[in-house]
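Undergrad: Sequence and predicted structure below; questions after.
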Amino acid sequence: GILQHPDGTVLKQLQPPPRGPREQEFYSKVYDSGCCDSVLLELREYLPKYFGVWSPPAAPNDTYLKLEDVTRKFKKPCIMDVKIGQKSYDPYASAEKIQQQVSKYPLMEEIGFLVLGMRVYHVCTDSYETQNQHYGRSLTKETVKDGVSKFFHNGYCLRKDAVAASIQKIEKILEWFEGQEQLNFYASSLLFVYEGSCQATTVRLGEVTLAEKRVMPRGLLGGDILEYNNNIHVINSTENGKIEASVSKGLSKFYALHKKAYSKRHHHGQLSLKVESLEQGNVWKSSTCITQEHLNGNVLPQLEKVFCHVPAEIKESANVEVRMIDFAHVFPSDTRDEGYIYGLKNLITVLQNILDN
């Protein structure tokens, strides 16, 4: 199991031999201070940081790996564990062990990965949905796409920004695997983490009136930002005659909403919403014109179109981590790890299909 150390790291109890010592040896080799192997030095980028081993004073014979807590920087971490590769047993496994592993998920060789579990934050209910390994084993070739996409759905919309950022990070790991012939990984996983919480952003919609007004919570004045789940609340401010829609921002801190209000006398209630990327080079710019007719009782679908359907070109918009974990079955090799490469490529294909559709 995984425990938390007071200093913010996590503690993974060492497994019985030979698995535990093998995993410790792997981390020690990769993070050795005298390491000059460029392949292993690059590999560090894709692992949790390793801080040696630790034993509690009350139980000095219990050994734990001391590792970076990849989820620590997130407010509402959404987490998924995906086992990668066509085989979840190593070359030294007995016939009984092989049969046991294959029977757990017969499609492993064809699909190349297995969802071991996920925990997804739903913004509308301020709660988590969890799925265990039985969920992953129930997925078939036909349903695996929808099964994986559940991890990126926050109960309100599909977090395409998180999907796109995940693809880019997996592609970097794939590049590493395609360039190394010294290690093969079995029963190893990728840990996915993205930020599930939403930051509120305010959009000024101009001097228009709505036939259907949403309820304003007590104490909220015009000009204030309403940070309230992932819903849109339209606020009528009698002081300045403006309407503000507070949109819980599901994209990330890299995006800001630029407001452009037109005078009623010129445009008769028509307004423009403009979303721009703050990334270098302004990768994506999109303007959506919404008429007063659309706004009357129908602001949610219009703004959803702007905020939730992010183009695939945006790769690093979301705060996402993808790290390799679980190294009890890593072995020296003189060939490429084709089983792991197959799994990574298939997972990228599934994620790309989620984006495209």
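TA: Structure's in. What do you need? Numbers count the residues shown, from 1 in each chain.

Undergrad: residue ranges with poor pLDDT in the stretch 201-350 of the chain?
TA: Across the stretch 201-350 of the chain, the ranges flagged by pLDDT under 70 are 201-317.

Undergrad: Mind doing that once more with 50?
TA: When residues are selected by pLDDT under 50, those of the stretch 201-350 of the chain lie in 201-297, 299-300, 302-303, 305-307, 309-316.

Undergrad: Can you pull the domain assignment for this structure?
TA: Domain segmentation of the chain under automatic domain parsing yields 1-69, 73-197+309-357, 199-249+251-307.

Undergrad: ranges for the helices of this structure?
TA: Remark: helices assigned in the chain by DSSP state H are 19-30, 38-43, 95-104, 108-111, 133-137, 144-149, 160-178, 264-267, 292-295, 299-307, 338-356.

Undergrad: in the fifth one, what's buried?
TA: This means helix 133-137. Neighbour counts over helix 133-137 (16 or more other C-beta atoms under 10 Å) mark Gly136 as buried. In short, each C-beta sits where N, CA and C put it, glycine included.

Undergrad: Could you list every helix and strand in contact with it?
TA: With contacts defined as 3 or more C-beta pairs under 8 Å, 6 or more residues apart in numbering; DSSP states H and E, helix 133-137 has these neighbours: strand 113-122.

Undergrad: tally of neighbours for Glu129?
TA: Glu129 has 16 neighbouring residues, counting by other C-beta atoms under 10 Å.

Undergrad: What's opposite it in the beta bridge?
TA: Val120 (DSSP bridges).

Undergrad: residues in contact with it?
TA: By C-beta atoms under 8 Å, 6 or more residues apart in numbering, Glu129 lies in contact with 119-120, 122, 155.

Undergrad: got a markdown table for the helices of the chain, with distance to Ser197 too?
TA: Compiled in a markdown table, the helices of the chain are given as follows (distance: least, C-beta to C-beta, whole Å):
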| stretch | distance to Ser197 |
| --- | --- |
| helix 19-30 | 31 |
| helix 38-43 | 31 |
| helix 95-104 | 34 |
| helix 108-111 | 31 |
| helix 133-137 | 24 |
| helix 144-149 | 20 |
| helix 160-178 | 12 |
| helix 264-267 | 36 |
| helix 292-295 | 27 |
| helix 299-307 | 15 |
| helix 338-356 | 22 |
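
Undergrad: and these, which is most packed in?
TA: Sort those by mean neighbour count, taking mean count of other C-beta atoms under 10 Å, and helix 160-178 sits at the top with a mean of 20.

Undergrad: List the contacts of the spatially closest residue to Val193 that is not a sequence neighbour.
TA: Take Val193 and drop its neighbours on the chain: the residue closest to it by C-beta to C-beta, 6 or more residues apart in numbering is Glu321, 4.4 Å away. By C-beta under 8 Å, 6+ apart, the contact list for Glu321 reads 70-71, 169, 191-194.

Undergrad: Next one: Glu321 from Lys145, what distance?
TA: According to C-beta to C-beta, to the nearest Å, Glu321 and Lys145 sit 22 Å apart.

Undergrad: Just the local confidence number for Ile2, please.
TA: Here the pLDDT value assigned to Ile2 is 83.

Undergrad: Show me what the residue lying closest to it once chain neighbours are set aside is bridged to.
TA: Leaving aside its chain neighbours, Ile2 sits nearest to Val10 (5.3 Å; criterion: C-beta to C-beta, 6+ apart). Beta-bridge partners recorded for Val10 (DSSP bridges): Gln4, Leu67.

Undergrad: Neighbours of Val10, how many?
TA: 19.

Undergrad: Now do it against Trp54, distance only.
TA: For Val10, the distance to Trp54 - C-beta to C-beta - is 11 Å.

Undergrad: same deal with Gln86?
TA: Taken as C-beta to C-beta, the span from Gln86 to Trp54 is 35 Å.

Undergrad: Looking at these two now, which is surrounded by more residues?
TA: More neighbours surround Gln86 than the other of Gln86 and Trp54, with 18 against 15 (other C-beta under 10 Å).

Undergrad: Quick one: residues contacting the more buried one.
TA: 108-109, 112, 339, 342-343.

Undergrad: now swap in Ser188 and tell me
TA: 83-85, 324-327, 329-330, 340.

Undergrad: Let me see the contact set for Glu23.
TA: 14-15, 65, 326-328, 330.

Undergrad: Next, format these as JSON lines and append neighbour count and distance to Glu129.
TA: Below are the contacts of Glu23 laid out as JSON lines (neighbours: other C-beta atoms under 10 Å; distance: C-beta to C-beta, whole Å):
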{"residue": "Leu14", "neighbour count": "18", "distance to Glu129": "32"}
{"residue": "Gln15", "neighbour count": "16", "distance to Glu129": "29"}
{"residue": "Leu65", "neighbour count": "24", "distance to Glu129": "29"}
{"residue": "Asp326", "neighbour count": "21", "distance to Glu129": "23"}
{"residue": "Phe327", "neighbour count": "22", "distance to Glu129": "29"}
{"residue": "Ala328", "neighbour count": "19", "distance to Glu129": "29"}
{"residue": "Val330", "neighbour count": "23", "distance to Glu129": "32"}
